[in-house]
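In: Build me a model from this:
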Amino acid sequence: MPPLVQLAIAQFMPRKGDYRANLDRLRTILAQVDALEPRPDVLHLSETALTGYFVEGGVRELAVTAGTLARDLNTVYQSVAQSGRPLDVIVGFYELFHNTLYNSAMCVQLGGEEPLVRHVHRKNFLPTYGLFDEERFVERGHDVRAFDTPWGRAAILVCEDAWHSLTGTLAALDGAQIVFVSSAAPARGIGGARGERREATDGKSGAWLDGSSAPDSLGRWERLIRDIAEEHGVFVSLANLVGSEGGKTFAGGSMLCGPAGDIRVRGPLWQDAILMLPADLADLTRARADMPLLADLRTALPHLLHTLDRIRASRTATLAFDAPMERGEMPVAPSAPPENVRAPLRVVTPCKPDGPPPLDIDGALVEAWLTHFLEEEMHQRGYEKGIVALSGGVDSAVTAYLAARAVGPENVIGVRLPYRTSSPESLEHAQLVIDALGIEACTVDISQAVDGYLAHEPDADATRRGNVMARTRMIALFDLSAKHRAIPLGTGNKTERLLGYFTWHADDSPPINPLGDLYKTQVWALARHLGVPSAIVDKPATADLVRGQTDEADLGISYPTADQILHWLLSGYSAEDLVSHGVSQDEVLVVLRRLEGTHWKRRLPTVALLSATAIGESYLRPVDY
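Out: Modelled structure (predicted):
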């Protein structure tokens, strides 16, 4: 067995749903890996690296057998390999096995006349909650096993498998020296997780090794792989996707952890990269000698398994403590404490009341996240330019600033769409954004179009008139989009969306929206970070549909208060919880009425379901498939 295993992790963005295009992408990666010095023994790729992850019902069209994928990879590798040496590749894919669909990962040796499939792992734990719906489209695997290779004994886990501590234990008990975790984990959390403050073995810092911010979810992933590594004395390799799929962004940040729980190397955030690291298997001996937890577990395992059998058996038995207690069964406490009893223990209470994490954001992290989101979404949809309706408010200004940084100001068009009653200040503030960014701009007065329709509806109230204005603006924006071949970029924030404070099929129409998961107060914070002029950031928010109107007056509550209430409610706390923490019951009711009464505005039209293949119910495909 070689003293060093040369490991490589490749994190990259696959082309969604395009197996052949991703094989071609791997051709370039495999050629690059084969030319590296020292040359890797094994290349680790992410979950669903050949198709992208969120393909929903597209799994049926994209799943291949392990043999098919192995032969395709071998053909690609043979076409580019110059070293003449075999290469082991660990790759995630949607698998067709015995007429059943799985989310799998395999280890395959490439370079011979025929590929050698060493092992296939089928994902055990299928997340079907929150933004995940895996169990609807693939079946579960039921095994975690290690396997032998020329460079050592290994095991594979796929994404959520690693979130359950037992899987790492099973792999280690089966002799694994290196555990490969292939993941397609969407980034979540904008508070800014901090990487461990320790240096990589090569003395260089990764994208967030130096203490710069990363999505909160990556901090959790780091803890997971460190726990697996340190508890069992194994190397752990994490390969994560990069890119954006329908608004869900994969941050990269792949890592390799040593058997003492030390992070050896980290990949950059948001970017394609190849990570290289020599893994000295003698480190396992040193780690296990210093902390022989695995040996302790092996010794205790028979007893633990016996205990598990007893626990299973006890489920059908009546537990003694479930029976009613008879008077006199328990000893009576003495009437007076002994003389040597010490003073009561000090009671320690939390410094802050419980509740969801704060709404604070890390501006640099959010900027990087959203600029990559815009760049990739526009590219995937075939657009080089974006177009933004500039209202003079903070939301549209932030979208324009992000777009200019994502694709360059020369590829952003700002459109002012005033009505005759619009505030002159709105036009001026929109011009501030245009001048500050140096973007292309035009102004289209919608007064005649709006008045032409309203002339036939003289009794229309302010709400109806405002809706006509908003929808007319979207007609103009989408027409200019077609003229300039520029995709419309949305400007609606999370608070407005949750409170239903927008015009259906108007403000919410643009197909790409960078701000839709940011509360209004977070948009203000991001605007300050981006350098949006203070005249825009500090003024009262207004839709500017009626003279003197402000958002907070319409809503009957301030944005900071509404954001905190919404944040608690969406985090699983009840109205009673909020009131018990000092929030006004009247304000909670204002938010609840709006939230519960506007679900329909956040969904597509309701269609009568008549068949077993209804679009959006049974026939499911993501927007970017």
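In: where are the low-confidence patches of the stretch 101-250 of the chain?
Out: Across the stretch 101-250 of the chain, the ranges flagged by pLDDT under 70 are 192-212.
In: Where does the prediction get shaky in this protein?
Out: Residues of the chain meeting the criterion pLDDT under 70: 1-2, 192-212, 316-341, 349-353.
In: do that again at 50, thanks
Out: For the chain, applying pLDDT under 50 flags the ranges 194-207, 209-210, 318-321, 325, 327-328.
In: List the buried residues in stretch 540-556.
Out: Ala541, Thr542, Ala543, Asp544, Leu545, Asp551, Glu552, Leu555 (16 or more other Cβ atoms under 10 Å). Any C-beta I mention is one placed from the backbone N, CA and C, and that applies to glycine too.
In: whoops, I mixed them up, stretch 100-111
Out: Counting neighbours by 16+ other Cβ under 10 Å, stretch 100-111 gives Leu101, Tyr102, Asn103, Ser104, Ala105, Met106, Cys107, Val108, Gln109, Leu110, Gly111 as buried.
In: for stretch 597-604, same thing?
Out: Of the residues in stretch 597-604, Thr598, Lys601 count as buried by neighbour count, 16+ other Cβ under 10 Å.
In: Just the residues contacting that stretch, thanks.
Out: Arg497, Leu498, Leu499, Gly500, Phe502, Trp504, Asp508, Thr606, Gly616 (Cβ atoms under 8 Å, 6 or more residues apart in numbering).
In: These into JSON lines, with extra columns for distance to Leu96 and secondary structure?
Out: Output for the contacts of stretch 597-604, formatted as JSON lines (distance: Cβ to Cβ, whole Å; DSSP: H, G, I helix; E, B strand; the rest coil):
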{"residue": "Arg497", "distance to Leu96": "39", "secondary structure": "helix"}
{"residue": "Leu498", "distance to Leu96": "41", "secondary structure": "helix"}
{"residue": "Leu499", "distance to Leu96": "45", "secondary structure": "helix"}
{"residue": "Gly500", "distance to Leu96": "44", "secondary structure": "coil"}
{"residue": "Phe502", "distance to Leu96": "43", "secondary structure": "coil"}
{"residue": "Trp504", "distance to Leu96": "42", "secondary structure": "coil"}
{"residue": "Asp508", "distance to Leu96": "39", "secondary structure": "coil"}
{"residue": "Thr606", "distance to Leu96": "35", "secondary structure": "coil"}
{"residue": "Gly616", "distance to Leu96": "25", "secondary structure": "coil"}
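In: Now, of those, which are buried?
Out: Arg497, Leu498, Leu499, Gly500, Phe502, Trp504, Asp508.
In: Distance check, the fourth one against Arg593.
Out: Here the criterion is Cβ to Cβ, to the nearest Å. By it, Gly500 lies 10 Å from Arg593.
In: now the second one
Out: In this structure, Leu498 lies at 12 Å from Arg593, with Cβ to Cβ as the measure.
In: Show me which residues of stretch 568-585 are buried.
Out: Under 16+ other Cβ under 10 Å, the buried positions of stretch 568-585 are Trp568, Leu569, Tyr573, Ala575, Asp577, Leu578, Val583.
In: Please convert those residues to TSV, extending it with distance to Ala187 and secondary structure.
Out: Below are these laid out as TSV (distance: Cβ to Cβ, whole Å; three-state DSSP):
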residue	distance to Ala187	secondary structure
Trp568	23	helix
Leu569	23	helix
Tyr573	24	coil
Ala575	31	helix
Asp577	28	helix
Leu578	29	helix
Val583	30	coil
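In: export those to CSV and tack on distance to Gln78?
Out: Shown next, in CSV, are the buried residues of stretch 568-585 (distance: Cβ to Cβ, whole Å):
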residue, distance to Gln78
Trp568, 58
Leu569, 57
Tyr573, 58
Ala575, 64
Asp577, 61
Leu578, 63
Val583, 65
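In: Could you report the neighbour count for Asp479?
Out: Using other Cβ atoms under 10 Å, Asp479 has 11 neighbouring residues.
In: any idea which element it lies in?
Out: helix 462-484 (DSSP states H and E).
In: can you check Ile156 too?
Out: Secondary structure assigned from DSSP H and E places Ile156 in strand 152-158.
In: by contact count, what packs against that strand?
Out: Here strand 152-158 touches strand 87-97, strand 100-110, strand 116-122, strand 146-149, helix 165-173, strand 178-183, going by 3 or more Cβ pairs under 8 Å, 6 or more residues apart in numbering; DSSP states H and E.
In: and among those, the most buried is which?
Out: strand 178-183 (a mean of 29; mean count of other Cβ atoms under 10 Å).
In: So which residues of the stretch 501-625 of the chain form helices?
Out: Assigned by DSSP state H, counting those that start in this stretch, the helices in the stretch 501-625 of the chain fall at 520-530, 534-537, 551-555, 559-570, 575-580, 585-596.
In: Would you mind listing the buried residues in the second one?
Out: Okay, so that is helix 534-537. Using 16+ other Cβ under 10 Å as the test for burial, helix 534-537 gives Ile536, Val537.
In: From the chain's centroid, how far away is stretch 612-622?
Out: The chain centroid and the centroid of stretch 612-622 are separated by 24 Å under Cα atoms, centre = their mean, to the nearest Å.
In: that older thread, from the buried residues of stretch 100-111, pick the one nearest Leu610.
Out: Nearest to Leu610 among the buried residues of stretch 100-111: Leu101, at 26.7 Å, using Cβ to Cβ.
In: mind checking how far the closest residue to that closest one other than its chain neighbours is from His372?
Out: Ranked by Cβ to Cβ, 6 or more residues apart in numbering and with sequence neighbours excluded, the top spatial neighbour of Leu101 is Val138, at 4.7 Å. As defined by Cβ to Cβ, Val138 lies at a distance of 28 Å from His372.
In: quick one: which of the two has more around it?
Out: His372 (23 against 19).
In: Touching, Leu7 and Val42? I think so.
Out: Yes. Leu7 is in contact with Val42 according to Cβ atoms under 8 Å; the separation is 6.0 Å.
In: Show the backbone phi and psi for Ile274.
Out: Phi and psi for Ile274, reported as degrees, to the nearest 10, are phi -120, psi 130.
In: contacting residues for Asp544?
Out: Applying Cβ under 8 Å, 6+ apart to Asp544 gives the contacts Ser391, Gly392, Gly393, Ser422, Ser423, Ser426.
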